[in-house]
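A.B. asks: Here is a sequence together with a model predicted from it:
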Amino acid sequence: MRYELSDHEWTAIKPMLPNKPRGVRRVNDRRVLNGIFWVLRSGAPWRDLPKIYGPRTTCYNRFVQWRRADVWDRIMDALAAGRDAAMQMIDTSVVRVHQNGACVADNNHQDMGRSRGGLTTKIHAVVDANGLPVHLALTPGEVHDNRLCSVLLSALLPQTMLLADRGYDADWIRELARSEGHGRTFRRNEIAKTRSASVRICIARAC
């Protein structure tokens, strides 16, 4: 079924899951994960979770408990550690906050900001050469692209070729890239003036 873990994906994730408490019977982890991913990827509310994934409260509670215990972060870090580090890319994407998100209690702790598009959140991401995520972070939507650059660069291995667009064209970022062991960087005026995407993406490159 769409959004469900393949056997290969389940085999990779299963060893990273928390141990079951003694004396407590826990429902099938794979089924619960499939239910969580169905909600996250479809964008549907928890109340619309298909019954094949079990009670929606079970999936929701597991999602929240593992978030608070940093289980999702550990899974992300472990999976990212196996990615190809030869070349990675850094960029951002702005997403509009769901209409119900603005009503969340104590939303001062949420990464929401107000811009021309209304309430938005900005996703800062480092991905590998295949576009698979290596490191993710969130800020309010109006925050500049390079605000979390130091955090994202710290996750890269030395000698990684880093690709970035003009939002990261700053001397302090090039210096940071060199200090992190990513080698030579290119200034915008060192690259031929062209509008081709292949050149624009190399503006803040370290290689």
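C.D. replies: Sure thing, it's come through. All values reported here derive from a predicted model rather than from experimental measurement. Residues are numbered from 1 along each chain as shown.
A.B. asks: how close does residue 7 get to residue 30?
C.D. replies: Separation of residue 7 from residue 30 (CB to CB, to the nearest Å): 10 Å. Using the backbone N, CA and C atoms, a C-beta is placed for each residue, glycine as well.
A.B. asks: Which one of those two is surrounded by more residues?
C.D. replies: residue 30 (16 against 8; other CB atoms under 10 Å).
A.B. asks: Show the pLDDT at that one.
C.D. replies: Predicted confidence (pLDDT) for residue 30: 95.
A.B. asks: Residue 157 too?
C.D. replies: For residue 157, the predicted pLDDT is 72.
A.B. asks: Kindly report the same for residue 184.
C.D. replies: 50.
A.B. asks: Equivalent analysis for the one 3 residues further on, please.
C.D. replies: Residue 187 carries a pLDDT score of 51 in this model.
A.B. asks: Give me the phi and psi angles of residue 38.
C.D. replies: In terms of degrees, to the nearest 10, the main-chain angles of residue 38 are phi -60, psi -40.
A.B. asks: what kind of secondary structure is the residue nearest to the spatial centre of the chain in?
C.D. replies: Geometric centre of the chain, nearest residue: residue 136, 3.1 Å, by CA atoms, centre = their mean. Three-state call for residue 136 (DSSP: H, G, I helix; E, B strand; the rest coil): strand.
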